[in-house]
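**Student:** Model the structure of this input:
(4 chains)
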Protein chains: 2
Amino acid sequence: MINNYSSEDKVLLAVDCIIFGFDEEDLKILLIRRGFEPEKGKWSLVGGFLKSEETLDDAARRVLERYTGLSDVYMEQLAAFSEVDRDPADRTISMAYYALINIKEHNEKLIKQFSANWFSVSQAPSLIFDHDKMVHFAIRRLRTRATTRPIGFELLPEKFTMRQLQKLYEAIWDTTLDKRNFINKIRSLDIVVKLDEKDKKSSRKGSFLYQFDPSKYDKKAAEGFMLKL
Amino acid sequence: MINNYSSEDKVLLAVDCIIFGFDEEDLKILLIRRGFEPEKGKWSLVGGFLKSEETLDDAARRVLERYTGLSDVYMEQLAAFSEVDRDPADRTISMAYYALINIKEHNEKLIKQFSANWFSVSQAPSLIFDHDKMVHFAIRRLRTRATTRPIGFELLPEKFTMRQLQKLYEAIWDTTLDKRNFINKIRSLDIVVKLDEKDKKSSRKGSFLYQFDPSKYDKKAAEGFMLKL
DNA sequence: GCAAAAGTGTTATGTCTACACCCATGT
DNA sequence: ACATGGGTGTAGACATAACACTTTTGC
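**Tutor:** Numbering: from 1, shown residues only, chains lettered A, B, ... in the order given. I've put the predicted structure just below:
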């Protein structure tokens, strides 16, 4: 017998992606108007079905690239959603993924083509199926990840100011932080380098730009440190 | 059109369970000798296929009950494993779950019937497919969960001594802890109650028994505390 | 010269860690 | 009486949190 599993049920497996971006003020997610039934025209996460010759990570990357034009992006598997009637059209199980992208880099044309839109997480419309649950799950995960790993940098341009970084963390946790304590903490982590350039868009004085240093981070991570803000 | 998804691939979805127990000394996992091809006779996690009328959580509970006789157990979804060739017999994706059970309560007969065995996590044999990866993933998750939530109690009898609790945490983290600091920490959390009974099995003097108090914990959890040991 | 954001240190508080001795009991 | 594991408190180190004023420069 080659295959013992022939009597078992097969199901459709989808991936849905919560794509986070940051616009210097708010934490945002990318949503599209669904182009087909059921629930055509309603707001939805971007998603697609797993093909039998790819892994779930492959599928998630394929979906992400299709809707943003971006590859090589920070992504993480979140959780499977499997309520029996979650999709009225057919029995589908969905693996939720979340991605962190630099909001300036995605392909504007694709966004228009798919009637996609960025929404602040606090002002997003309600979504089809169980997608709202997925978004909440993703925000929770993002918050815990941000306390242990420097994932925030994925959401910023390569060069950023301390103010931007602070605002990002404030957006992720929906809180306010003291700027002196914040800067001291970041400096003590020793994972960013201060550049000689200043960003003068935000103020007359201009503020110094910083850059995340992956090699410094890797060294720190190997020692088993933790990032608590 | 009732179903737009008819052209999409369907796959087999399995659940595999890492079942943790604690025998007062070591953290253990329950493994079985696989009863069918491929890899018949090799050590494996307990698992089964998702049926189309149940959720993944249902399937995991069904598997757990089948092999241990236990229901109403702490379980948590871990992650999906989806390498294309992970199971040579057919394209299957597996959702890993982990469960924490009181090792004294499982059904001994079932264990024998399925040629199952408890192994210390440090001495487990190597497993079929990607099950070793699943186990490592589960241990990592267990360690992080144990720092934020009092899941350890799931692995102990209802009444336990501080010594048992400490040994459990030492086993989870593979470390040693100072007993005074440990007890002070647990007391400061205010989620266990000290009983008037003593357990005299472990020493001549006997040691006081404690009990986890879910209502105290819920109150604490609502305030958003964290458990760091 | 003034408005607007950037930059910078210190102190008090709380938390974590290390550490050693007496107690109760069964044999 | 002694061996075995149970139980208890404190002081120093460390990390966190609170806090206000000066600097730069474009207008």
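**Student:** And chain A, split by domain according to the record?
**Tutor:** Annotated domains of chain A cover A:12-145, A:156-222 [automatic domain parsing].
**Student:** Would you mind giving these as a markdown table with mean neighbour count, distance to DNA strand C and mean pLDDT added?
**Tutor:** No exception for glycine: its C-beta is placed from N, CA and C like everyone else's. Listed next are the domains of chain A as a markdown table, based on neighbours: other CB atoms under 10 Å in any protein chain shown; distance: least, CB to the nearest atom of the strand, whole Å; pLDDT from 0 to 100:
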| stretch | mean neighbour count | distance to DNA strand C | mean pLDDT |
| --- | --- | --- | --- |
| domain A:12-145 | 18 | 11 | 95 |
| domain A:156-222 | 15 | 3 | 94 |
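**Student:** right, and the ones you listed - which one's nearest B:A99?
**Tutor:** domain A:12-145 (16.5 Å; CB to CB).
**Student:** and the closest one, does that touch chain B?
**Tutor:** Yes: counting by CB under 8 Å from any CB of the partner chain, chain B has neighbours in domain A:12-145: A:12-13, A:36-38, A:49-57, A:77, A:79-80, A:82-84, A:89-93, A:95.
**Student:** of the domains of chain A, which approaches B:W118 most closely?
**Tutor:** Per CB to CB, nearest to B:W118 of these: domain A:12-145, 27.8 Å.
**Student:** so where do the strands sit in chain A?
**Tutor:** For chain A, the strands defined by DSSP state E cover A:10-22, A:27-33, A:43-44, A:46-49, A:74-81, A:92-100, A:116-120, A:159-161, A:192-199, A:207-212.
**Student:** Export these to JSON lines and append columns for distance to B:L127.
**Tutor:** Output for the strands of chain A, formatted as JSON lines (distance: least, CB to CB, whole Å):
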{"stretch": "strand A:10-22", "distance to B:L127": "24"}
{"stretch": "strand A:27-33", "distance to B:L127": "38"}
{"stretch": "strand A:43-44", "distance to B:L127": "39"}
{"stretch": "strand A:46-49", "distance to B:L127": "30"}
{"stretch": "strand A:74-81", "distance to B:L127": "21"}
{"stretch": "strand A:92-100", "distance to B:L127": "23"}
{"stretch": "strand A:116-120", "distance to B:L127": "43"}
{"stretch": "strand A:159-161", "distance to B:L127": "44"}
{"stretch": "strand A:192-199", "distance to B:L127": "41"}
{"stretch": "strand A:207-212", "distance to B:L127": "38"}
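**Student:** Figure out which of the ones you listed is closest to DNA strand D.
**Tutor:** Nearest of the strands of chain A to DNA strand D, taken as CB to the nearest atom of the strand: strand A:192-199 at 8.2 Å.
**Student:** helices and strands around the closest one, which ones?
**Tutor:** Helices and strands touching strand A:192-199, by 3 or more CB pairs under 8 Å, 6 or more residues apart in numbering or on different chains; DSSP states H and E, are strand A:159-161, strand A:207-212.
**Student:** Quick check: A:L78 touching A:M134?
**Tutor:** Yes: contact criterion CB atoms under 8 Å: A:L78 and A:M134 qualify, at 7.1 Å.
**Student:** Overlap in contacts, the two.
**Tutor:** Taking CB atoms under 8 Å, 6 or more residues apart in numbering or on different chains as the contact rule, A:L78 and A:M134 both touch A:18, A:96.
**Student:** Tell me if I'm right that A:L156 and A:L168 touch.
**Tutor:** Yes: contact status for A:L156 versus A:L168: in contact at 6.4 Å, counting by CB under 8 Å.
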